[in-house]
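# The sequence isn't on hand, but the structure is:
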């Protein structure tokens, strides 16, 4: 049986002559750092190889392209979709589920290898390469639409159109993660408004859910229960 690169536990020798214990993982970690620091478009395979101490031919042994690196990083992180699917099988109310999924989604995006908007541009320009990423996003959007529709039916949420409501929710989460990564310029020299990813997640989920609640006074309890669900 032919062994695939992903199945190997020891890579080809580095330029130093020392083989890493897990070259694939080290390459992904290096790519993640560079994507976050330089941006996806500005990062080259040569830079990734140099960062991890490999010759470029050795890097291509593990990943054929920069797109393959990005796909591997993104597919390893589906926290918000996992939360949506897990809570769908439980008894949490729609508002609690909505808050939990949006909160998890922002945390996931803030901790990802690159800004969601950069990922979106990459996926949009090469839909065949990023088909799995786009499919996951579609599943998340549908899960959120189902949550909103259930909330409306239960009288807990108010939304004339679940699809438009989810569009607004995702615009909120995606915009907030961007501002966490790229703080709004502040000429007064004040520190960034969003100090942590938790701050960003709380802001986005709270703002989005408050706008849809039939009883806005229930927000504090919804938040408490949602965060408890995320701890389980």
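Nice, thanks for sending it over. Since we're looking at a predicted model, the values are computed, not measured. Residues are numbered from 1 along each chain as shown.

# residues in contact with the nearest residue to residue 223 once chain neighbours are set aside?
What sits nearest to residue 223 in space, not counting adjacent residues and going by C-beta to C-beta, 6 or more residues apart in numbering, is residue 99, at 6.1 Å. From N, CA and C alone the C-beta is placed, and that goes for glycine too. Each residue near residue 99 by C-beta atoms under 8 Å, 6 or more residues apart in numbering is listed here: 205-206, 209, 222-223, 226.

# and what of residue 129?
With C-beta under 8 Å, 6+ apart, residue 129 has these contacts: 67, 71, 123.

# Residue 59 now?
27, 45, 48-49, 52.

# is it true that residue 70 touches residue 113?
Yes: the criterion here is C-beta atoms under 8 Å, and residue 70 meets it with residue 113 at 7.1 Å.

# and the helix ranked longest in the chain, average pLDDT?
Criterion DSSP state H: the longest helix present in the chain is helix 131-153. Taken as a whole, helix 131-153 has a mean pLDDT of 93.

# And stretch 41-60, by the same measure?
91.

# what element comes up after the one helix or strand the residue nearest to residue 223 maps to heading to the C-terminus?
Take DSSP states H and E as the rule and residue 99 turns out to sit in helix 94-110. On the C-terminal side of helix 94-110, the nearest following helix or strand under DSSP H and E is helix 116-125.
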